[in-house]
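1. build me a model from this:
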Amino acid sequence: MQTIQPSITFPSPLFFDRDDWLSGYRSQTQEFAYWIDQIEGQIPLQL
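-> Okay, here's the model as predicted:
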């Protein structure tokens with residue numbers, strides 16, 4: 001019986017690519033940090 005070796009290799013779970021991580025923020029050019037100080041309605045008690 002032959003054993004088939006996978007042709008695709010995946011990076012280890014500890015692999016981290018900073019450029020991939022930063023790409024998630026490149027599309028968010030209009031996002032800003034601010035406080036939420038006015039809320040309409042009610043926040044559910046379960047939260």
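2. quick one: the helices in this structure?
-> 18-26 (DSSP state H).
3. pLDDT below threshold where in it?
-> Where the chain drops to pLDDT under 70, the residues are 1, 6, 10-14.
4. where exactly do the strands run in it?
-> With strands called from DSSP state E, the chain shows none.
5. residue nearest the centroid of it?
-> Among the residues of the chain, the one closest to the centroid is residue 24, at 7.2 Å (C-alpha atoms, centre = their mean).
6. and it, how close does it get to residue 16?
-> Distance, residue 24 to residue 16, using C-beta to C-beta, to the nearest Å: 13 Å. Quick note: C-beta positions are derived from backbone N, CA and C, even for glycine.
7. same deal with residue 5?
-> For residue 5, the distance to residue 16 - C-beta to C-beta - is 26 Å.
8. neighbour count winner among the two?
-> residue 16 (9 against 5; other C-beta atoms under 10 Å).
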